[in-house]
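S.K.: Sequence first, predicted model second:
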Amino acid sequence: MIELQNINKSYGNLKVLSDINLKIGENEIITILGPSGAGKTTLLQIAGTLDTPDSGHVIYDGEDIVGFKDARLSRYRNRNIGFIFQFHQLLQEFSACENVALPAMIAGMSKSKAMQKAAELLDIVGLSERKSHKPTEMSGGERQRTAIARALINNPKVVFADEPTGSLDSHNRDEIYSLISKLKSMLGITFVIVTHDLTITEFADRIIHMEDGKITDNTPVEQEIIINTDTDCQETV
């Protein structure tokens, strides 16, 4: 579905990404792990079309989008890609339903249809009773669920999430991860998640490790378990 080929990115003299090659398939949860400064967020932004590489190709369904002009790229992003950020980025003056509906209205959907679809998505994420509430009237977990619903409003094939549980307590963190797993199964959406939190590995299909701007490991989760037959010890990376 998405392929990154030979991606390089620098900011001044600082090399952030070096010869990154990555394929992102349909209906999978991919987590990107690594220390601060490893290049995780930059990789996410380039894969999600929020930033451009210095060199290399970002291919969606066989089409290299790196050369798209800004207006075309914005339209493509709005209609095909969803985003979840560490802080929900909801508009404080709008209700949950209005926040979720906004990207659909930007894409050209009528307000009535967008609001109806937003209400349906809020039902799916467990916020049936919060549709008319503004962000200040919701908990942190509820705000992030609203942000997830907003990311889904235009039926994206892929959702990119940057530390989506970084501001939440462990209970809400686990609920968000469980919800993402449910949505992946229910809607067939791919989630690419940057995080420092190893808990997400319980829900992931593939774990990508990064260090110093490079991918050091790209392993399906079932291969992350190593059995030491000499000591009967089991270690999960």
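M.R.: All right, it came through fine.
S.K.: So which bits of stretch 48-66 are buried?
M.R.: If you call a residue buried by 16 or more other Cβ atoms under 10 Å, then stretch 48-66 has these buried ones: 48-50, 52-53, 56, 58-60, 65-66. C-beta here means a position set from N, CA and C on the backbone, and glycine is covered the same way.
S.K.: For those residues, which two are the farthest from each other?
M.R.: L50 and I59 (16.5 Å; Cβ to Cβ).
S.K.: In contact with the spatially most central residue of the chain, which residues are there?
M.R.: For the chain, the residue nearest the mean C-alpha position is F160 (2.0 Å; Cα atoms, centre = their mean). Under the criterion of Cβ atoms under 8 Å, 6 or more residues apart in numbering, the neighbours of F160 are 44, 47-48, 81-84, 191-193.
S.K.: Inside helices: which ones of the residues you listed?
M.R.: Taking DSSP state H as the definition of helices, those contribute 44, 47.
S.K.: top of the contacts of F160 by neighbour count?
M.R.: Within the contacts of F160, F191 tops the neighbour count with 27 neighbours, counted by other Cβ atoms under 10 Å.
S.K.: could you pull out the helices for the protein?
M.R.: Under the criterion DSSP H, helices of the chain are mapped to 40-47, 70-80, 96-106, 111-124, 140-152, 170-187.
S.K.: from those helices, which stretch is densest packed?
M.R.: Mean neighbour counts were taken over the helices of the chain using mean count of other Cβ atoms under 10 Å, and the top value, a mean of 24, falls to helix 140-152.
S.K.: And that one, what does it pack against?
M.R.: Judged by 3 or more Cβ pairs under 8 Å, 6 or more residues apart in numbering; DSSP states H and E, helix 140-152 is in contact with strand 81-84, helix 96-106, helix 111-124, strand 158-162, helix 170-187.
S.K.: orientation of that helix relative to helix 96-106 in degrees?
M.R.: Orientation of helix 140-152 against helix 96-106 (axes from the mean of the first three to the mean of the last three Cα atoms, to 10 degrees) gives an angle of 20 degrees.
S.K.: can you tell me the average pLDDT over helix 140-152?
M.R.: For helix 140-152, the per-residue pLDDT values average out at 91.
S.K.: now swap in stretch 105-114 and tell me
M.R.: Rounded to a whole number, the mean pLDDT of stretch 105-114 is 94.
S.K.: again, but for stretch 22-36
M.R.: Looking at stretch 22-36 alone, the average pLDDT works out to 91.
S.K.: Over to stretch 163-181?
M.R.: Mean pLDDT, computed over stretch 163-181, is 82.
S.K.: Also stretch 63-83?
M.R.: When pLDDT is averaged over stretch 63-83, the result is 90.
S.K.: Identify all contacting residues around it.
M.R.: Under the contact criterion Cβ under 8 Å, 6+ apart, stretch 63-83 has outside partners 48-50, 52-53, 56-60, 103, 106-107, 150-154, 156-162, 189.
S.K.: now it: how far from the chain's centre is it?
M.R.: Between the centre of stretch 63-83 and the centre of its chain there are 16 Å (Cα atoms, centre = their mean, to the nearest Å).
S.K.: May I have that stretch as CSV, with CA atoms only?
M.R.: What follows is stretch 63-83 as a C-alpha-only set of coordinates in CSV (Å, rounded to 0.1, in the frame of the first residue of the first chain):
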residue,chain,number,x,y,z
GLU,A,63,2.2,6.5,-7.3
ASP,A,64,5.1,8.6,-6.1
ILE,A,65,3.5,11.5,-4.2
VAL,A,66,6.8,13.4,-3.5
GLY,A,67,6.3,15.5,-6.6
PHE,A,68,2.7,16.5,-5.9
LYS,A,69,2.1,20.3,-5.7
ASP,A,70,0.9,21.6,-2.3
ALA,A,71,-2.8,21.8,-3.2
ARG,A,72,-3.0,18.4,-4.7
LEU,A,73,-1.0,16.9,-1.8
SER,A,74,-3.4,18.5,0.7
ARG,A,75,-6.4,17.1,-1.0
TYR,A,76,-4.8,13.7,-1.2
ARG,A,77,-3.9,13.8,2.5
ASN,A,78,-7.3,14.9,3.6
ARG,A,79,-9.1,12.1,1.7
ASN,A,80,-6.7,9.2,2.2
ILE,A,81,-4.7,9.7,5.5
GLY,A,82,-5.7,10.1,9.1
PHE,A,83,-3.6,11.5,11.9
